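>>> below is the sequence, then the predicted model.
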Amino acid sequence: MQSVLECRRITKYFPGIKALDEVDFNIRPGEVHALIGENGAGKSTLVKIITGIHQPDSGVILQNGEPVEFRNPIASQLAGIAAIHQEATMFPELSVTENIYMGHHLARRASRLLDWKGMKLKTRSLLEKLELEINLDTKVKDLSVAQRHMVEIVKALSVDAKIVIMDEPTSALSLREVEDLYKIIRQLKATGQAIVFISHKFEDIYEIADYFTVLRDGRYIGEGKVSETEVDEIVRMMVGRSLDQMFPKTKVQLGDTILKIEGLSKTGIFKDISFDLHRGEILGFFGLVGAGRSEVMQAVFGIDTATSGKISVKGTELSITSPPVAMDRGIAYVPEDRQIQGTILDMSIQDNITLPIVDKLASYSLLNFQKEGEITREFGERMEIKTSGWTQAVNSLSGGNQQKVVLAKWLATHPEILIMDEPTKGIDVATKARVHEFISQLAAEGLAIILISSEIPEILGMADRIVVMHEGKITACLNPSEADSETLVKAAMGNLLPQESE
Ligand SMILES: Nc1ncnc2c1ncn2[C@@H]1O[C@H](COP(=O)(O)OP(=O)(O)OP(=O)(O)O)[C@@H](O)[C@H]1O
Ligand SMILES: [Mg+2]
């Protein structure tokens, strides 16, 4: 079948790095094409070239057999290409409708005034078609991470695109939302649209993709039909060797209780949350998006305050009124949304990693630059951040490497209690096993860890105990040995299981 879009020998340089090296990539109509590769392999760069954000240094793009040039994003949009980028491109202060029609407003023909009524009607019908319950007038900054992602998707669908590119659309979604997204993709496919799909989750790829192309270090490695290829083979193409995908957690003798939460509630958000966390323990938190897991942890870290309940650290009841108070007590929180809460994007890797410990590094009010460099190197290397130098700005790193900076930053604070919210989101399989190994090592060193994750294999493989939440309440507390994905999902959907006695 003729390609709708064909990239031939695309090369792209960034300062200090060849991000793409003569890459070939073909997209056919009615096909879901997975673009696969490790963090920093060049996937997003290729997407940005197809969408006119970056210009290639050499190579050509053919559309329906004709050479084309996308000098800017509008040119690519006009050619029928829509994209959901890995990094949010929305305006937080504007409403859902305003964001969806940004760049392609509808206007009334006679008066040429903006047709807000028309735009709202269309948005509403799109939202209804996708069965999304999102208010059109809500400002984007007030949406949850998952909702924001769904709005990005609606935005891509609001232009009648022939090619829809999704750069890690599922990393911010969980279970039900992912199902919704699969449904949307199948609809698009049925109408002959071509879909490019980027994901680090093999469940996604095997569920939805027909075809795949693998990149490694900016180079084209190979392509094939998903149904005719084993996971191991794709992994070997990605990383150049075979790999144990899951890191088995080492059993650690649990120490004494370091954190005790009793009856923590916040009106309308979460209710009567109680749990203990021990030294050396990894306590998993599982649930659907919106179950309230992040909100509970934000209350523990002082980003938010609970309306009632008790938080005790090492046996002393505390009132945690702000993050510095929590950090003082040895608590660190790695947020889910690296773009809003996690990193300061235009600062360097080094400045980001040492930001929370700047006070400690300053002696005689002069920053200890050498120490700063050492710490950055230590944690940057442990997290295997792929970069051309520690002074590189975080916003020019690949998505997965930005996530690693957030992790490194909080680890450098040497916490006693580490709360991680979806820590391996956007991290490739090879690195994920290493991050898991690292988390397990930290637990073995006596760190108490709370791991919020929507990934069932990660929760089952890593946690010593699993707390499941549904609509703001704890519905189960399970031992991984007696839990399977079915029990977890049931509890996350609200089927109450008896609490395990400790
Ligand atoms: N604007 C930029 N300036 C400098 N370097 C960049 C820029 N954008 C990307 N790079 C570099 O190009 C390489 C490829 O990055 P890219 O974002 O395409 O990776 P990716 O395959 O999407 O990875 P991930 O899975 O982590 O999202 C990386 O080494 C990255 O640091
Ligand atoms: Mg990327």
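Arrived safely. Ligands and ions are numbered 1, 2, ... in the order given.

>>> how about stretch 193-213: buried residues?
Using 16 or more other Cβ atoms under 10 Å as the test for burial, stretch 193-213 gives 193-202, 204-205, 207-213. All C-beta spots, glycine's among them, are computed from the backbone N, C-alpha and C.

>>> so where does the residue of the stretch 401-502 of the chain found nearest ligand 2 fall, helix or strand?
Residue of the stretch 401-502 of the chain nearest ligand 2, by Cβ to the ion: G426 (7.7 Å). Under DSSP states H and E, no helix or strand contains G426.

>>> against ligand 1, how distant is it?
6 Å (Cβ to the nearest ligand atom, to the nearest Å).

>>> just F285 next, same as before
Here the criterion is Cβ to the nearest ligand atom. By it, F285 lies 25 Å from ligand 1.

>>> would that residue count as being in a strand?
Yes. The assignment for F285 (DSSP: H, G, I helix; E, B strand; the rest coil) places it in a strand.

>>> run through the bridge partners of it.
Beta-bridge pairing for F285 (DSSP bridges): I452, V467.

>>> check S58 too.
Beta bridges link S58 to T11 when assigned by DSSP bridges.

>>> contact partners for it?
Residues in contact with S58 (Cβ atoms under 8 Å, 6 or more residues apart in numbering) are 9-11.

>>> I'd assumed A476 was in a helix, is it?
No. Under three-state DSSP, A476 falls outside any helix and is assigned strand.

>>> just checking, it touches R465?
No. With contacts counted by Cβ atoms under 8 Å, A476 stays clear of R465, the gap being 10.4 Å.

>>> shouldn't E168 be in contact with F197?
No. In this structure E168 lies outside contact range of F197 using Cβ under 8 Å: 9.1 Å.

>>> just to check, T307 is in contact with G263?
No. Look at T307 against G263 with Cβ under 8 Å: they stay out of range, at 10.7 Å.

>>> quick one: A412 and N352 touch, right?
No. With contact defined as Cβ under 8 Å, A412 does not reach N352; the gap is 10.0 Å.

>>> what's the overlap in contacts for those two?
Taking Cβ under 8 Å, 6+ apart as the criterion, A412 and N352 do not both touch any residue.

>>> return only those of the buried residues of stretch 193-213 found close to ligand 1.
The subset of the buried residues of stretch 193-213 within reach of ligand 1, by Cβ under 6 Å from any ligand atom, is empty.

>>> show me where the stretch 151-300 of the chain has its strands.
Secondary structure of the stretch 151-300 of the chain (DSSP state E, counting those that start in this stretch): strands located at 163-167, 194-198, 211-216, 219-225, 257-266, 270-278, 282-287.

>>> just send the ones you listed back as a markdown table, with distance to S322 and mean pLDDT too.
Shown next, in a markdown table, are the strands of the stretch 151-300 of the chain (distance: least, Cβ to Cβ, whole Å; pLDDT from 0 to 100):
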| stretch | distance to S322 | mean pLDDT |
| --- | --- | --- |
| strand 163-167 | 35 | 93 |
| strand 194-198 | 37 | 95 |
| strand 211-216 | 43 | 96 |
| strand 219-225 | 47 | 97 |
| strand 257-266 | 16 | 96 |
| strand 270-278 | 20 | 96 |
| strand 282-287 | 23 | 95 |
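
>>> now those strands in TSV, with distance to A326?
Output for the strands of the stretch 151-300 of the chain, formatted as TSV (distance: least, Cβ to Cβ, whole Å):
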stretch	distance to A326
strand 163-167	33
strand 194-198	35
strand 211-216	40
strand 219-225	45
strand 257-266	11
strand 270-278	14
strand 282-287	17
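
>>> ligand 2: which of the ones you listed is closest?
That would be strand 163-167 among the strands of the stretch 151-300 of the chain, by Cβ to the ion, at 5.9 Å.

>>> re earlier: which among the contacts of S58 count as buried?
Using 16+ other Cβ under 10 Å, the buried ones in the contacts of S58 are 10-11.

>>> can you tell me which of the contacts of S58 lies nearest to I269?
Nearest to I269 out of these is I10 (Cβ to Cβ; 47.0 Å).

>>> and the chain, what are its domains?
Per automatic domain parsing, the domain ranges recorded for the chain read 5-239, 248-330+416-423+448-502, 336-414.

>>> tabulate these (CSV), appending distance to ligand 2.
CSV is the format used below for the domains of the chain (distance: least, Cβ to the ion, whole Å):
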stretch, distance to ligand 2
domain 5-239, 3
domain 248-330+416-423+448-502, 16
domain 336-414, 4
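
>>> make TSV out of the ones you listed and add distance to A433.
Below are the domains of the chain laid out as TSV (distance: least, Cβ to Cβ, whole Å):
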stretch	distance to A433
domain 5-239	10
domain 248-330+416-423+448-502	10
domain 336-414	11
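
>>> confidence-wise, which of these is weakest overall?
For the domains of the chain, mean pLDDT drops lowest on domain 336-414, to a mean of 79.

>>> off-centre distance for that one?
The chain centre lies 19 Å from the centre of domain 336-414; the measure is Cα atoms, centre = their mean, to the nearest Å.

>>> and what of stretch 44-64?
Per Cα atoms, centre = their mean, the displacement of stretch 44-64 from the mean C-alpha position of its chain is 24 Å.

>>> same question, stretch 43-56
Worked out by Cα atoms, centre = their mean, stretch 43-56 lies 20 Å from the chain centre.
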